[in-house]
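Novice: Sharing a model prediction with you, sequence too.
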Amino acid sequence: MVSSKARNQRKMRANAPAHIKRKMLSSHLSADLQKEYGKRSARVCLGDTVMVLRGGEDIRGVEGKVIGVMTDEGRITIEGVTINQADNTAVARPIHASNVVITKLNLDDAWRKDALKRGKGAKE
C-alpha cells in the first residue's frame, strides 16, 4: 500500500531503487507519436528530441536533443538549455522529465523499438 502522506511519498521516491527511478523519467509523447505508437508516454532516453513545455520564459518552447539523463535526480539536460554560474560559465540546466514532451524518439535500441510497438493502437 502506498502512503497518502506527502512526506512518505517523497521519502519513497528519494530512496527508490534504480530500476524504479528509471521508470520515473517518463514524459508525454507528442500527438503524432501518440497516434503512431498507441502510447501516451515513454521513458526519456539519450538522443531523443524534446520540447520544453514548462519552466522559465527563457526555456519554455525550446526544442533540442537530450544530452544527459540523471536517474538519481529525475532530471534531464537538453542541448542549448544552459544556465550561467556565478563565474559566468554556462552549464547545462537540469529539467524535470515531466516538464517536456518527446517530439522525436531515438530508436537505435531494438528493445525500445519493440516495447513501443506493443502499444494497443500501434501501427504495424
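Specialist: Perfect, thanks for sending it. On a predicted model such as this, the values are computed, not experimentally measured, just so you know.
Novice: buried ones in the helix or strand of the chain with the lowest mean pLDDT?
Specialist: Using mean pLDDT, DSSP states H and E, helix 110-117 stands out as the lowest-scoring helix or strand of the chain, at a mean of 89. Of the residues in helix 110-117, L116 count as buried by neighbour count, 16 or more other C-beta atoms under 10 Å. Heads up, the C-betas are built off the backbone N, CA and C, glycines and all.
Novice: roughly how far out does that helix sit from the chain middle?
Specialist: Computed by C-alpha atoms, centre = their mean, to the nearest Å, the chain-centroid distance of helix 110-117 equals 17 Å.
Novice: what does that helix contact?
Specialist: 37, 39, 42, 45, 105-107, 122, 124 (C-beta atoms under 8 Å, 6 or more residues apart in numbering).
Novice: Which of those residues fall within strands?
Specialist: A42 (DSSP state E).
Novice: Filter the contacts of helix 110-117 down to the buried ones, PyMOL style.
Specialist: Buried residues among the contacts of helix 110-117 (16+ other C-beta under 10 Å), as a PyMOL selection:
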select buried, resi 37+39+42+45+105+106
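Novice: Greatest separation within the contacts of helix 110-117: which pair is it?
Specialist: C45 and E124 (22.9 Å; C-beta to C-beta).
Novice: quick one: which of the contacts of helix 110-117 is nearest H19?
Specialist: Nearest member of the contacts of helix 110-117 to H19, counting by C-beta to C-beta, is C45, at 15.2 Å.
Novice: ok, that closest one to V2 distance?
Specialist: 27 Å (C-beta to C-beta, to the nearest Å).
Novice: How about G74?
Specialist: 18 Å.
Novice: contacting residues for D109?
Specialist: D109 touches C45, counting by C-beta under 8 Å, 6+ apart.
Novice: low-scoring stretches of this protein, by residue?
Specialist: 1, 124 (pLDDT under 70).
Novice: So which residues of it form helices?
Specialist: 6-14, 18-21, 31-37, 110-117 (DSSP state H).
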